[in-house]
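Enquirer: Fold the following.
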Amino acid sequence: MATTLLLATKNAGKIREFRALFWDLPKLIVKAADEVASPDVVEDGRTFEENATKKAREIAVATGHLVLADDSGLEVDALQGRPGVYSARYAGRHGDDDANNDKLLLELAGIADEKRSARYRVVLALADPGGPLGEDVHVEHGVCEGVILRVRRGNNGFGYDPVFAPKGHDKTMAELSPEDKNLISHRAEAATKIRKFLGEYLASRGAAAGKPRVA
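Expert: Residues are numbered from 1 along each chain as shown. Got it, this is the predicted structure:
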């Protein structure tokens, strides 16, 4: 029997990336949490891990499904780690990529090229209160080092991708194809780890479901 995995995000770009990364896992149906009745979770954590864990646990409890949540963002060394957990709403309105990039480039306008180091960081959290995980939440981390450019380049991706050039690459994340991005991105690194765990977990979940009940 197939297992439904809910993605606890409304970001269409993230949903596309996760579906591309998990498409061939057997007996797994990947859906966005919006496709079922699921609660909106307030992301009030101080860290990516706190936010991802909270989202995964609350939506899993509410829906009864296996849930994968993420929290991710950009950390810029010259800005003491900002925007960090506020990356999606850095300019004030959640998900306004253009405004967020405008603010970031303005704040870095006087910073020399060699001091514009930054990284994308992500935490993935998998929750399944009704399955073998129980009250535990499985967590994986991913990081992609790079630099912030002075102008936008490229039309692919989302978030800060047009101004973020991964270490060792001449192209920005927004200039890379989805396939190439999925080889080097922070989300791909974490997803590769959680994909391995998921494969083993789905097998154990199926075995547990197939056990006869003891009267």
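Enquirer: State the mean pLDDT of the helix or strand harbouring residue 126.
Expert: If you go by DSSP states H and E, residue 126 is part of strand 117-127. For strand 117-127, mean pLDDT is 97.
Enquirer: For that strand, name the packing helices and strands.
Expert: The contact analysis (3 or more CB pairs under 8 Å, 6 or more residues apart in numbering; DSSP states H and E) places strand 117-127 against helix 48-63, strand 66-76, strand 137-148, helix 186-210. C-beta coordinates here come from the backbone N, C-alpha and C atoms, glycine included.
Enquirer: Nearest the geometric middle of the protein, what residue?
Expert: What sits nearest the mean C-alpha location of the chain, by CA atoms, centre = their mean, is residue 70, with 4.1 Å.
Enquirer: ok, now which ones touch it?
Expert: 8-9, 14, 52, 122-125, 187, 190 (CB atoms under 8 Å, 6 or more residues apart in numbering).
Enquirer: bridging residues for the closest residue to it other than its chain neighbours?
Expert: Counting by CB to CB, 6 or more residues apart in numbering, residue 70 lies nearest to residue 124, which is 5.0 Å off, once chain neighbours are set aside. In this entry, residue 124 is beta-bridged to residue 70, residue 140, by DSSP bridges.
Enquirer: pretty sure residue 124 is touching residue 67, no?
Expert: No - with contact defined as CB atoms under 8 Å, residue 124 does not reach residue 67; the gap is 10.9 Å.
Enquirer: do you know how far residue 37 is from residue 53?
Expert: Distance, residue 37 to residue 53, using CB to CB, to the nearest Å: 22 Å.
Enquirer: Neighbour count: the two, which is higher?
Expert: Neighbour count, other CB atoms under 10 Å: between residue 37 and residue 53, residue 53 has more, with 21 against 8.
Enquirer: Just give me the neighbour total for residue 152.
Expert: Neighbour tally, residue 152, other CB under 10 Å: 16.
Enquirer: Now do the contacts for it.
Expert: By CB under 8 Å, 6+ apart, the contact set of residue 152 is 101, 162-163, 172, 174.
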